[in-house]
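In: let me see the structure of the following:
(chains A and B)
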Number of protein chains: 2
Amino acid sequence: MTQYTEIHLIKRPDGKPVGPHLFEVVKKDIPTAGPGQVLIKQTHMSLDPAMLGWMSPDTESYIPPVELGAVMRSSGLGEVIESNHRRYKAGDIVTGMTGWAEYTLSDGRGFSKLQEGVDAETALAVFALPGLTATQGMKILEPKAGETMVVTGAAGSVGSIAGQMAKADGLRVIGVVGDAEKTDWIVNTLGFDGAINYKTDDLEARLKELTPNGVDVFFENTGGAIQQHIFNRMNTHGRIVVCGMIADYTSKTPAPGPNWIPLIKKRIRIQGFAMPDHFADAPELIAKLAPYVMQGKIKYRTHILHGLESAMTGLNLFFTGENKGKLIVKL
Amino acid sequence: MTQYTEIHLIKRPDGKPVGPHLFEVVKKDIPTAGPGQVLIKQTHMSLDPAMLGWMSPDTESYIPPVELGAVMRSSGLGEVIESNHRRYKAGDIVTGMTGWAEYTLSDGRGFSKLQEGVDAETALAVFALPGLTATQGMKILEPKAGETMVVTGAAGSVGSIAGQMAKADGLRVIGVVGDAEKTDWIVNTLGFDGAINYKTDDLEARLKELTPNGVDVFFENTGGAIQQHIFNRMNTHGRIVVCGMIADYTSKTPAPGPNWIPLIKKRIRIQGFAMPDHFADAPELIAKLAPYVMQGKIKYRTHILHGLESAMTGLNLFFTGENKGKLIVKL
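Out: Predicted coordinates for the structure are as follows:
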């Protein structure tokens, strides 16, 4: 085989489900590594909700959008095939911004070797964007033992880790999910104190029942109608971190948010964040996260897609909520 | 004269303009100071927007509501008439929580002597709730020279001080007010870089024109339709402090707030606050504020009402925006 496949973004999302009409599948000759370069063969590619933002033309976002005609941006894991770079040798397993491509040529920047004793799936599901994001969000929330946290997207890659960190820290943790299977998973496998199905439950009543002492910290991954109900339950000096709003990403006119009067009455803090601001803190965040993982306190599951082309429709699983665990494309 | 007047709250606000129907004017005999007590004759009483909150039955607020039948709560300034308290002697001028009463008997707690060289009006208009609140808000906002701040209620007691502190710190400051006279005052007397009349201007166009580089810090004192427009202009890493929402205090169904997606895209922080949380920091806040005042950088004006009874309708001036300067009732 002398050719490989890469996928280019050729059209901005148009409100219809994300799919092949936005992309072009391109065949190219496998290159060789030039001076200082390393050739990486990708084996595991991460799909993350943030990608939906990277595809949109919004120039106000935290990271420039993927240019039309360019390889779609993503992180992943692969094997070094050929190296003219002093830090890498053939056979090394590395993680970094691989993109939607079977092979990537890099000058090594933004890549790092896989940590000893960490397998590929843990690397992408925990020690990559999901775990870093969860850890940064929890850092902003300053949770205290005995407090109550509500996390939306609680079975998602970020929400599930954040919730388990909070449980390990002695908080009462309530997760919001979209189906019964996820309800079962976060309560019976992850050990959350309760679950709310935002599609079927009476949100106000169920939330009141599960948070008898109100809500101290709110980890927002989804947006949607539940947001106002959680906001209404916030306690004095409550903290909210806004990490994702997937329910609103495709709507032309985003749903309004809560009125700000309770922010004064209860002296609430709301902080939005995005990981690219905190990549320099990655070592610190990893150091914070690692003990939870080593003590077996972070369970996760993966949802594996097969073949590069599966990514094009795979992104839709974030909108439908049908993914069960961290989305990884195996190449 | 052996009798004095005090005013009791006897009814919660009912959506109608605040007025005598909510209060009872009571005549009492002037008491004498018991052991450890001090008798204060109030000369200047402060009216503040926070009072509207203290009158409402909301138990979630930062300070318990005034009980029905009790003297209406307020801060003020007065002269010590009689003292059995070691810290005070007859003739001292003191400030503290005087209440709506011509005479107050106190054990001295919550009162302090007027600082040397500060007159009564400066004491209430600057070195009391307005100045402390402005200083605390600016502390939360962490303004930097060269940034742009928008402040609502910009001619109000808090907004005018906050805006002048920002100007002194080298920010571009745009104020939102409700009439042409205030527009003129904040620009030509206080030196703000621009003013928006929220009642008559095309908000979006005017805001865009006055904030060519966007908005970095937003000091929110009013709420109302302008809020969404200012929010739309926020820059990356913008900060918002929510100090007042007077436009919504009397509405049964508060207007919705902005959608939270921009909080993520621009990593914005929103913090609500209320001064009672920070009273312990008053010395620190005063120390921060005093240099601005001593350097002549804080101008203010007062709107004087006469006689205790004038307070009952005076509170409405906050809703109509007709007050021109810090509201003080002279007794």
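
In: where does A:Ile30 land on pLDDT?
Out: Looking at A:Ile30, its pLDDT reads 96.

In: separation between it and A:Glu6?
Out: 11 Å (CB to CB, to the nearest Å). Just so you know, the C-beta spots here come from the backbone N, C-alpha and C atoms, and that holds for glycine as well.

In: likewise for A:Gln37?
Out: 17 Å.

In: domains of chain A?
Out: Following automatic domain parsing, chain A resolves into domains at A:3-122+A:300-330, A:129-278+A:286-292.

In: gap between the shortest one and the chain center?
Out: When you say that, I think you mean domain A:3-122+A:300-330. 14 Å (CA atoms, centre = their mean, to the nearest Å).

In: which regions of chain A lie under the pLDDT threshold?
Out: Chain A contains residues with pLDDT under 70 at A:1, A:58-62, A:250.

In: helices along that one, start to end?
Out: In chain A, helices defined by DSSP state H lie at A:50-55, A:120-125, A:129-141, A:157-168, A:180-184, A:203-210, A:226-232, A:261-265, A:282-294, A:311-314, A:316-320, listed in chain order.

In: for A:His306, which non-adjacent residue is spatially closest?
Out: Leaving out its chain neighbours, the residue that sits closest to A:His306 by CB to CB, 6 or more residues apart in numbering or on different chains is A:Lys330, at 5.5 Å.

In: sorry, back to before: deepest of the helices of chain A, which one?
Out: Most buried of the helices of chain A, by mean neighbour count (mean count of other CB atoms under 10 Å in any protein chain shown): helix A:157-168, with a mean of 26.

In: that one near chain B at all?
Out: No: against chain B, helix A:157-168 shows no contacts by CB under 8 Å from any CB of the partner chain, the least distance being 12.3 Å.

In: report the angle between that helix and helix A:129-141.
Out: If you take axes from the mean of the first three to the mean of the last three CA atoms, to 10 degrees, helix A:157-168 sits at 50 degrees to helix A:129-141.

In: and helix A:157-168, what does it pack onto?
Out: Secondary-structure packing of helix A:157-168 (3 or more CB pairs under 8 Å, 6 or more residues apart in numbering or on different chains; DSSP states H and E): helix A:129-141, strand A:148-152, strand A:172-177, strand A:215-220, helix A:282-294.

In: any idea of the angle that helix forms with strand A:215-220?
Out: Angle of helix A:157-168 versus strand A:215-220, following the same axes, to 10 degrees, is 160 degrees.

In: for the residue positioned nearest the centre of chain A, which non-adjacent residue is closest in space?
Out: Central residue of chain A (CA atoms, centre = their mean): A:Pro130, 4.3 Å from the mean position. Counting by CB to CB, 6+ apart, A:Pro130 lies nearest to A:Ser157, which is 3.7 Å off, once chain neighbours are set aside.

In: mind listing what the one you found touches?
Out: Shown in contact with A:Ser157 (CB atoms under 8 Å, 6 or more residues apart in numbering or on different chains): A:Asp48, A:Ala125, A:Leu129, A:Pro130, A:Tyr300, A:Gly325, A:Lys326, A:Leu327.

In: which residues touch the residue lying closest to A:His21 once chain neighbours are set aside?
Out: Residue nearest to A:His21 in three dimensions, not counting chain neighbours: A:Lys11, with 6.6 Å by CB to CB, 6+ apart. Going by CB under 8 Å, 6+ apart, A:Lys11 touches A:His21, A:Leu22, A:Phe23, A:Leu68.

In: swap in A:Glu322?
Out: Not one residue lies near A:Glu322 by CB under 8 Å, 6+ apart.

In: my guess is A:Phe319 meets A:Pro17, correct?
Out: Yes: using CB atoms under 8 Å, A:Phe319 is in contact with A:Pro17, at 7.4 Å.

In: name all residues that make contact with the nearest residue to A:Gly244 once chain neighbours are set aside.
Out: Counting by CB to CB, 6+ apart, A:Gly244 lies nearest to A:Asn221, which is 4.1 Å off, once chain neighbours are set aside. By CB under 8 Å, 6+ apart, A:Asn221 lies in contact with A:Val151, A:Thr152, A:Gly153, A:Ala154, A:Gly156, A:Val158, A:Gly159, A:Cys243, A:Gly244, A:Ile246.
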